[in-house]
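Visitor: can you look at this prediction? I've put the sequence above it.
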Amino acid sequence: MTDILTVENLDITFKGRQRHQRVRAVDGVGFSVAKGETFGVIGESGSGKSTLGRCVVCLTRPSAGSVRHFGKDPFALSARDLRQHRRSFQIIFQDPNAALDPRMTILESVREPLDVAGFGSPGERRRRALAMLDRVTLAPELAQRYPHEISGGQKQRANIARALVLEPKLIVCDEVVAALDVSIQADMLNLFADLQREFDLTYLFISHDLRVVAHVSDRVAVMYFGKLVELGPAGAVMAAPLHPYTQALLSAEPEPVPARLRNKQRIILKGEIPSALAPPSGCRFHTRCPMARPDCAQREPEWRELAPGRFVACHFADAGAAVAAAPAAG
Amino acid sequence: MERSGVSVAGSGNSHGAAQAPAQPKPLLSVRDLCVSFHDGERWQQMLKDVSFDVKAGEIVGIVGESGCGKSLSALSILGLLPRRGCARTGQILFEGRDLVPLGEAAMRKVRGRHIGMIFQEPMSALDPVFTVGDQITETVRTHFPASRREARERAVEALAAVGIPSPRNCVDMYPMSLSGGMRQRVMIAMALVCEPRLLIADEPTTALDVTIQAQIMDLLVELSTRTGTALLFITHNLGLVAESCARMLTMYAGQVVEDGPVDDILSRPLHPYTAGLLGSLPQQRHRKSKLPSIPGRVPSAHDMPAGCRFNPRCGYVQPPCREPQALIAHGDRHVRCWRNEALTLPGAAT
């Protein structure tokens, strides 16, 4: 079966402020996502994860490499066909406020994609929009309200309804729970899981929150500075991360448990994320890596499959060591 | 109810509290603090009977969801509430002196000097048109009779103390040319340059990436331990509290609902809201499972439920929960739930 999404050698560069300056937001990224899967992308700010998400739904053009939906290149479509095609590939953004038009009621916002798509009669669009609001458990009396009259969690539900109303196949979820309080975040993650089963959805779930990504994803990819550094099944990556960056991320994640249950070794990374205009040579992570050797500044690490389904870009990553580290990281 | 505006002369210096050697007086003692805002029509109570202590050198966390009154408590302690349409009652005893009746002039001598503060977004707390050095120097010269040169030296030392790589260069930089983590370090340097006894940090790492967050938290804890500065740390992140604080308070709808040593609360929370917060965090062992969540949402000030403010969302509710709940003491813990002894709530480890 063809994968719903295939990304190969993807490069996305932006013009810098000065002439001839180029910022490589995404650099040689490749992976594929199977239908019905939740594929998590973890990274800090500036890692290129949102740019990747935007490119997957054709909001940003790749500079090189390809994005394929069911094996076909959406960027080769005519503008008209692309509009049609896009319905199946939706994106939900982080800030629920910014994504809703303040002058439209919730119902109007949810109905808008149907209007644009010219779907059925006005009455039928309204019915579908209302049904979708009901599905994301927004009370019907909220349909006539404006965004400023409802809470952040409710707004995010409206955004989900808006993305779902055209029955997409894949949804890119870009930091969708970052702006929400924990109890509402839990509700929202449950809703995403229910909707996935019900509508047979595929998610590309982008977040900086390791805990959230690990919870929802089947497989996770870790991005650093425009490149993938690790990819593998979520449980395995969390239990025994192979790349030093993933290890540092995991160890930096504060755990809400009493001290006696905390057995991990804290790795505090020195320094900051380097400037995008002057990426480090060799391995991009070598400036902050606790295990860096002189070699790392020269040679760029290869993307290797260390164990079945487990990829890593580090010269010194070792499957045996990862397994040994597993109990401590659990 | 209004702030009197009359400056009460500080009764000398009550620092060391030489009388009681066994139980030293807390550095900060907030007693029955109530804060109300006037919305144009009526008064709305945002904080109700908030009471807690911070001992000298102690690190205390305040957790709760947005709108629970965490930040408002911090602003009240700092006397940063608007003057009009806002009323404070109760006591805020700092080193034995009540800050509530102090006027702005007297408060200015306390704020920044004895109580430092750090906010969430360092860019909006720093002035973009002055260099880092100008801003730290200003703080020093406001509170100490230091010359420009001396103040600048202190600024450089303060920047070095927060781990800024080349402090002598950083002094002359503008905030916009620093990264988020560096800006937050500058904020910490500015807050600590006058060696305050208490530092209030309101979500100091929320705008930062997780690896930078770890650096900043380590720095705050290390500085607090080294200088003996007490830290009142406000966050929604229970993990950060677990790893850095000795004691924590849970706030809900403008009240303190639980207060005690962090490890005790995490192992066995006494209030259903604390247990609910802990339960709704995704856990690795239960990947892909349904997350327990707290139904409903935080009530707004104008339709506060009668009795226990958490009762409409609580899974353990019984008829007596419709009565107002007092903060009940249990050794070194406090909880605002009459059923606390009957309930065995799941902690973080289960």
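Guide: Perfect, I can see it now.

Visitor: for the chain, longest helix please?
Guide: Just going to use chain A. Looking across chain A with DSSP state H, the single longest helix is helix A:182-199.

Visitor: right idea, wrong chain: chain B
Guide: What stands out as the longest helix in chain B, according to DSSP H, is helix B:210-227.

Visitor: distance between that one and the chain's centre?
Guide: Taking C-alpha atoms, centre = their mean, to the nearest Å, one finds helix B:210-227 lying 16 Å from the centre of the chain it belongs to.

Visitor: so what secondary structure elements neighbour the next helix or strand after that helix?
Guide: Per DSSP states H and E, the first helix or strand lying C-terminal to helix B:210-227 is strand B:230-234. Helices and strands touching strand B:230-234, by 3 or more C-beta pairs under 8 Å, 6 or more residues apart in numbering or on different chains; DSSP states H and E, are strand B:59-63, helix B:70-78, strand B:198-202, helix B:210-227, helix B:238-244. For the C-beta atoms, the positions are set from N, CA and C on the backbone; glycine is no exception.

Visitor: residue A:271 - nearest residue in space that isn't next to it in sequence?
Guide: residue A:288 (4.9 Å; C-beta to C-beta, 6 or more residues apart in numbering or on different chains).

Visitor: quick one on the thing from earlier: so the longest helix of chain B versus strand B:230-234, what angle?
Guide: For helix B:210-227 against strand B:230-234, the angle by axes from the mean of the first three to the mean of the last three C-alpha atoms, to 10 degrees is 150 degrees.

Visitor: avg pLDDT for helix B:210-227?
Guide: Here helix B:210-227 scores 91 as its mean pLDDT.

Visitor: can you give the contact residues for that helix?
Guide: Helix B:210-227 has contacts (C-beta atoms under 8 Å, 6 or more residues apart in numbering or on different chains) with A:44, A:208, A:210, A:248-249, A:251-254, A:266, A:268-269, A:272, A:288, B:57, B:59, B:161-163, B:180-181, B:184-185, B:188, B:192, B:195, B:199, B:201, B:204-205, B:208, B:229-231, B:233, B:240, B:243-244.

Visitor: can you check what angle separates that helix from strand B:198-202?
Guide: Relative orientation of helix B:210-227 versus strand B:198-202 (the same axes, to 10 degrees): 170 degrees.

Visitor: check the residue of chain A found nearest chain B and give its pLDDT.
Guide: Here chain A gets closest to chain B at one residue, residue A:254, 3.0 Å apart by C-beta to the nearest C-beta. What the model reports for residue A:254 is a pLDDT of 88.

Visitor: surely it and residue B:235 touch.
Guide: No - the pair residue A:254 / residue B:235 is not scored as a contact, 9.6 Å apart, by C-beta atoms under 8 Å.

Visitor: returning to what we had before: inside strands: which ones of the contacts of helix B:210-227?
Guide: Under the assignment DSSP state E, these contribute B:59, B:199, B:201, B:230-231, B:233 to strands.

Visitor: pLDDT added to these, as TSV?
Guide: Formatted as TSV, these follow (pLDDT from 0 to 100):
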residue	pLDDT
B:59	97
B:199	97
B:201	95
B:230	97
B:231	97
B:233	96
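
Visitor: can you tell me which of the residues you listed are buried?
Guide: Neighbour counting with 16 or more other C-beta atoms under 10 Å in any protein chain shown marks B:59, B:199, B:201, B:230-231, B:233 as buried within those.

Visitor: ok, these vs chain A, which is closest?
Guide: Looking across these and measuring by C-beta to the nearest C-beta, the closest to chain A is residue B:233, at 12.1 Å.

Visitor: how close does that closest one sit to residue B:223?
Guide: Between residue B:233 and residue B:223 the distance is 12 Å, computed by C-beta to C-beta, to the nearest Å.

Visitor: surely residue B:80 forms part of a strand?
Guide: No - according to DSSP: H, G, I helix; E, B strand; the rest coil, the state of residue B:80 is coil, so it is not within a strand.

Visitor: residue A:20: how many residues sit nearby?
Guide: 6 (other C-beta atoms under 10 Å in any protein chain shown).

Visitor: residues near the closest residue to residue B:269 other than its chain neighbours, how many?
Guide: Closest residue to residue B:269 apart from its sequence neighbours, by C-beta to C-beta, 6+ apart: residue B:275 at 4.4 Å. By other C-beta under 10 Å, the residues close to residue B:275 number 27.

Visitor: hang on, residue B:275 packs against residue B:340?
Guide: No - the criterion here is C-beta under 8 Å, and residue B:275 misses it with residue B:340 at 10.9 Å.

Visitor: packing partners for the longest helix of chain A?
Guide: Packed next to helix A:182-199, using 3+ C-beta pairs under 8 Å, 6+ apart, are helix A:152-164, helix A:210-216, helix B:272-279.

Visitor: please convert these to CSV, extending it with mean pLDDT.
Guide: What follows is those, written out as CSV (pLDDT from 0 to 100):
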stretch, mean pLDDT
helix A:152-164, 92
helix A:210-216, 91
helix B:272-279, 94
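
Visitor: what's the most buried one of these?
Guide: Highest mean neighbour count of these: helix B:272-279, a mean of 26 (counted as mean count of other C-beta atoms under 10 Å in any protein chain shown).

Visitor: what's the closest non-adjacent residue to the residue of the stretch 1-150 of chain B found nearest chain A?
Guide: Using C-beta to the nearest C-beta, the closest approach of the stretch 1-150 of chain B to chain A is made by residue B:65 at 4.0 Å. Counting by C-beta to C-beta, 6+ apart, residue A:181 is the residue found nearest to residue B:65 once chain neighbours are left out, at 4.0 Å.

Visitor: tell me the contacts of the one you found?
Guide: A:153, B:65-66, B:236.

Visitor: what about the closest residue to chain A within chain B, how many neighbours?
Guide: Closest contact between chain B and chain A, by C-beta to the nearest C-beta, is at residue B:239 (3.0 Å). By the criterion of other C-beta under 10 Å, residue B:239 has 18 neighbours.
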